[in-house]
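Enquirer: I'll drop the sequence and a predicted model, then ask my questions.
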Amino acid sequence: MEAINDSPRLSEEPPQPQDRLSPEELKRYDRQIGPGVLTVAGQERLKRASALITRVGGMGGPAALMLTMGGVGRVVIAHGGEMISPDLNRQVLGSEPDLGKPRAEQFSAYLRTMNRFVEVEAIDHEPDDAEALELARQVDLIIACPPTFAERLRLNRAAVSAGIPFIDAAQWGMTGTLVVVQPGQTACLECLYPAAPPFEELFPVVGAISATIGSMAALEGIKILSGEGQPLWGQLLSYDGRQGRISQINLQRRADCDCCGNL
Amino acid sequence: MKIQIVVTGRGYDAAETLPNELTLADDASLEQALLALEEYFPDDRPLPPTCLLAVSGRHLGTVSQFQSITLREGDELTLIAPVAGG
Ligand SMILES: [Zn+2]
């Protein structure tokens, strides 16, 4: 049985010749096409899809890497600043020689070395409200991995306005959470947090948890964009690595949500 | 009756002082459970108002604004202090 999920942006149109997988691409994705993973049609949907990941630190880095290696056709990353030493306890897209260099440029160059079949675009800053909305209209999915709720809520609002799925990936210490939003159908991030929780600039983080949550976000993205498997729509998944505990919550929409209440 | 308590997210330090289980009167409400938990928190480190609340997987709001339901024996009260690290 081919499990097709109900992602709102999956194209109903038959793929064009350029959307078909070449023999080289079929060889590249050989281990992820088959029973229990993707169908050829699902892999072709990934090829036609695009995703914005912002930012690409300890979580967004692994998320962008897994989407690129998995064959999402167009991967857009956004991250400002230059690589600093403390990044390297969790940054998988950079290494010692990259210290002091612009993050977006270095990380996008690395991603391109990982999959020549994927188009990688880099934005060297954090998008403001207008740019976030503009970007949301040009992609099929947003994965939010910034360090503040203000940015997360901005990206959530952009995704809801554009009508595209939104994945919020967040962590603290050895714990992380994932929220998967289908605008108008499930709770959005603002349904959970009508007021942004306080900002904590220097949050603690162990690289193993940020890579775990980033990879889980990428897997949700791959399911959504391929149309296969069952995304965690409307769920909050918490993985508390410190306590060794997984919790899953069915999120409720708020009728008076400023962001999605009118959908 | 007894309910299970799970604290996660930014509230890891609270989890270390909270009981895993809480004994309440039969048909106690979520509000009563939260009041009972309050005594376990140091005065200077209460749960944040934005902390998410769920009972047995059902999302009920935040500490500052939630739907108070009647609890049942064996319910799991989950408190998730929001995390935003990237
Ligand atoms: Zn909402």
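Expert: Sure, I can see it.
Enquirer: Now do the contacts for B:Leu53.
Expert: Shown in contact with B:Leu53 (CB atoms under 8 Å, 6 or more residues apart in numbering or on different chains): B:Leu30, B:Leu34, B:His59, B:Leu60, B:Gly61, B:Thr62, B:Val63, B:Phe66, B:Leu77, B:Thr78, B:Leu79. C-beta here means a position set from N, CA and C on the backbone, and glycine is covered the same way.
Enquirer: Now do the SS call for it.
Expert: strand (DSSP: H, G, I helix; E, B strand; the rest coil).
Enquirer: Do you know the pLDDT at it?
Expert: At B:Leu53, the model reports a pLDDT of 96.
Enquirer: Surely A:Leu153 touches A:Pro194?
Expert: No. Between A:Leu153 and A:Pro194 there is no contact under CB atoms under 8 Å: 9.6 Å.
Enquirer: Of these two, which one has the most company?
Expert: A:Leu153 (22 against 17; other CB atoms under 10 Å in any protein chain shown).
Enquirer: And the ion, is the helix or strand where the more buried one lies touching that?
Expert: For A:Leu153, the host element (DSSP states H and E) is helix A:149-162. No. Judged by CB under 5 Å from the ion, helix A:149-162 makes no contact with the ion; its nearest approach is 6.9 Å.
Enquirer: Which neighbouring elements make contact with that helix?
Expert: With contacts taken as 3 or more CB pairs under 8 Å, 6 or more residues apart in numbering or on different chains; DSSP states H and E, helix A:149-162 sits against helix A:129-136, strand A:142-144, strand A:166-172, strand A:175-181, helix A:189-192.
Enquirer: quick one: it to strand A:175-181, angle?
Expert: Put simply, helix A:149-162 runs at 20 degrees to strand A:175-181, going by axes from the mean of the first three to the mean of the last three CA atoms, to 10 degrees.
Enquirer: Around chain B, pick out the residues from the stretch 101-250 of chain A.
Expert: The stretch 101-250 of chain A comes close to chain B at residues A:145-149, A:152, A:170-177, A:187, A:192-195, A:197-200, A:203-205, A:210, A:236, A:238, A:240, A:242-243, A:245, A:247-250, as judged by CB under 8 Å from any CB of the partner chain.
Enquirer: Now chain B against the ion: closest residue?
Expert: For chain B, the residue closest to the ion is B:His59, as judged by CB to the ion, at 12.4 Å.
Enquirer: For chain A, which segments are assigned as strands?
Expert: A:50-54, A:74-78, A:119-123, A:142-144, A:166-172, A:175-181, A:235-240, A:245-250 (DSSP state E).
Enquirer: Export those strands as TSV, with columns for mean neighbour count, distance to the ion and mean pLDDT.
Expert: As requested, those are arranged in TSV below (neighbours: other CB atoms under 10 Å in any protein chain shown; distance: least, CB to the ion, whole Å; pLDDT from 0 to 100):
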stretch	mean neighbour count	distance to the ion	mean pLDDT
strand A:50-54	27	20	97
strand A:74-78	24	23	98
strand A:119-123	18	26	98
strand A:142-144	29	14	98
strand A:166-172	28	10	96
strand A:175-181	27	8	97
strand A:235-240	21	13	96
strand A:245-250	16	15	96
